Structure formats: structure tokens, C-alpha cells
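K.L.:
next input, structure requested:
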Amino acid sequence: WTPDPMDADPLLPPRQRRAQDVISLLVGIYGSKEMFIKEYKEMLADRLLGNPSYSTERETQNLELLKTRFGEVALAHCEVMLQDIKDSKRI
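P.N.:
This is a model prediction of the structure:
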């Protein structure tokens, strides 16, 4: 067991605090939040286009979590991609 960091938001559940720590680590690896978002967008596109029967439910959940961290505007392209895939499955 390791305690939460001192700057962890006590109002968030522990699992969500750990997820934010992982995101901070990844942003640090990529160098900036813009580079992280760019890479996430490219990887999401590869996953969605690489498998036509890909389930978007988990990706939608992940995107909602990322939007709370980075904002709606920064991830608007990803939301459009997921919506396009959902719409194409209906047709």
C-alpha cells in the first residue's frame, strides 16, 4: 500500500486519483499535454479504423475521463471520431 500524493484531491475516489497520476506520468513522458493528446488521437484512430467491429463503449468512457483532465475543446476531434464510428454502425 502506498499513500496518495499530498496534492491529491480528497474528494475524488482513490481509483480516479490513481488514474490522474498515470495521466500525469504519460504527459511527462510525451513532454506536453498537446503531444499526449496528439498521440492519443492517432492511436484512437488506428484502433477504430483497424477493426470495424471495435466496441466504442470503453473508449467513450476513457474519453470522458480525459475530457475532465484536458477539457472538451482539446479532445473534440476524438469525440467526433467516436461519434462517426457509432453512426456508421447504425447504418
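K.L.:
residue 30 reaches residue 40, doesn't it?
P.N.:
No - in this structure, residue 30 is not within contact of residue 40 by CB atoms under 8 Å, at 9.2 Å. For every residue, glycine as well, the C-beta is placed using N, CA and C.
K.L.:
between these two, which one's more packed in?
P.N.:
Under the criterion of other CB atoms under 10 Å, the comparison of residue 30 against residue 40 puts residue 40 first, with 19 against 14.
K.L.:
now do the helices in the protein.
P.N.:
For the chain, helices defined by DSSP state H occupy the ranges 14-30, 33-50, 57-70, 76-90.
K.L.:
next, count neighbours for residue 38.
P.N.:
For residue 38, using other CB under 10 Å, the count is 13.
K.L.:
which outside residues touch stretch 27-35?
P.N.:
36, 39, 70, 74 (CB atoms under 8 Å, 6 or more residues apart in numbering).
K.L.:
now the first one, nearest residue through space, not along the chain?
P.N.:
Using CB to CB, 6 or more residues apart in numbering and skipping residues adjacent in sequence, the residue nearest residue 36 is residue 30, 4.3 Å away.
K.L.:
cool, and the second one?
P.N.:
Closest residue to residue 39 in three dimensions, ignoring its sequence neighbours and counting by CB to CB, 6+ apart: residue 30, at 6.1 Å.
K.L.:
and the gap between that neighbour and residue 61?
P.N.:
22 Å (CB to CB, to the nearest Å).
K.L.:
same deal with residue 53?
P.N.:
18 Å.
K.L.:
ditto for residue 37
P.N.:
17 Å.
K.L.:
name the residue in the two with the higher neighbour count.
P.N.:
More neighbours surround residue 37 than the other of residue 37 and residue 61, with 19 against 10 (other CB under 10 Å).
K.L.:
what's the closest non-adjacent residue to that one?
P.N.:
Once flanking residues are discounted, residue 37 sits nearest to residue 74: 5.5 Å by CB to CB, 6+ apart.
K.L.:
if we can go back for a sec, turn the helices of the chain into TSV, including mean pLDDT.
P.N.:
Converted to TSV, the helices of the chain look like this (pLDDT from 0 to 100):
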stretch	mean pLDDT
helix 14-30	74
helix 33-50	93
helix 57-70	91
helix 76-90	90
